[in-house]
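Asker: Quick one, fold the following:
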Amino acid sequence: MDEVFIVDHWYELEDGEEVIRTIGLYSSESKANEAVDRMKNLPGFRDNPDNFSVDKYTMGKDHWTGGFLSAGS
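Answerer: Reported below is the predicted structural model:
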């Protein structure tokens, strides 16, 4: 199956809100890790250099299958 690797960066604001930025999608884990290496010293990202994630997804497959509850539900 085809796989894709997604690189995200996240951090928490002072009020507790979490901010997540998707950096990109890559064809291999090594390319995703190379992207992290390129980004971790850039403005903003260097303030939280350990807050990158690399996640593998299989193309054509549902990955969020349990539904969700919104705030106040």
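Asker: list the contacts for residue 24?
Answerer: Contacts were defined as Cβ atoms under 8 Å, 6 or more residues apart in numbering; by that measure residue 24 touches 6-7, 32, 35. For every residue, glycine as well, the C-beta is placed using N, CA and C.
Asker: Distance check, it against residue 18.
Answerer: Residue 24 sits 20 Å away from residue 18, taking Cβ to Cβ, to the nearest Å as the criterion.
Asker: same thing with residue 31?
Answerer: To residue 18, residue 31 is 26 Å away according to Cβ to Cβ.
Asker: More neighbours: which of these two?
Answerer: Regarding residue 31 and residue 18, a neighbour count based on other Cβ atoms under 10 Å identifies residue 31 as having more, with 14 against 8.
Asker: what's the closest non-adjacent residue to that one?
Answerer: Counting by Cβ to Cβ, 6 or more residues apart in numbering, the nearest residue to residue 31 once its immediate chain neighbours are dropped is residue 5, at 7.1 Å.
Asker: Since that was my last question, I'll sign off now.
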